[in-house]
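In: Below is the structure, and that's it, no one-letter string:
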């Protein structure tokens, strides 16, 4: 990827799937991945490397170890005046729905938009008769065999 500076914090990255303008100050890229996931896309990595920035400064601080440790650092207490009854909790009975189970998971909108640009739709096969070798029909519908 080639990187061309626009001004102090904005850079134009050419290459990859699309050409993008990356704003390192506000954490934005034209492809939209960096704004949604807060993890740098390939354009932001190329721009940050050419600007001489360390990769850890480009990732959102929410993904750091300090935030993880801070989330579990304090004790969690019950509300004042709330009483807890002692009883056994069982997990609910899970019933499988009717029909064949799904093999794949639901994809997010970001995964679907990435796939749309790459793969063409499935083309229908041209059927050919095994008896007369003509296209448009198969052996059971063949009129020349009768």
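Out: That came through fine. This is a predicted model, so every value here is computed, not measured.

In: In contact with residue 48, which residues?
Out: By CB atoms under 8 Å, 6 or more residues apart in numbering, the residues touching residue 48 are 24, 40, 54-55, 57-58. (C-beta placed from N, C-alpha, C; glycine too.)

In: at 7 Å instead, please
Out: 24, 40, 55, 58 (CB atoms under 7 Å, 6 or more residues apart in numbering).

In: go on, residue 23?
Out: Residue 23 touches 9-10, counting by CB under 7 Å, 6+ apart.

In: Which pLDDT value does the model give it?
Out: If you check residue 23, the pLDDT there is 89.

In: Identify the bridge partners of it.
Out: residue 10, residue 28 (DSSP bridges).

In: What backbone torsions are found at the residue most central in space within the chain?
Out: With distances taken as CA atoms, centre = their mean, residue 111 lies nearest the centre of the chain, 3.7 Å away. The phi/psi pair for residue 111 (degrees, to the nearest 10) reads phi -70, psi -40.

In: Also the one 3 residues further on?
Out: Taking degrees, to the nearest 10, you get phi -70, psi -40 for the backbone angles of residue 114.

In: what's the burial count for it?
Out: Per other CB atoms under 10 Å, the neighbour tally for residue 114 reads 14.

In: same question, residue 127
Out: 12.

In: Skipping adjacent residues, who's closest to it in space?
Out: residue 138 (5.4 Å; CB to CB, 6 or more residues apart in numbering).

In: any idea how far the one you found is from residue 72?
Out: 64 Å (CB to CB, to the nearest Å).

In: all strands for this structure, in order.
Out: Ranges of strands in the chain, per DSSP state E, are 2-5, 10-14, 20-23, 28-29.
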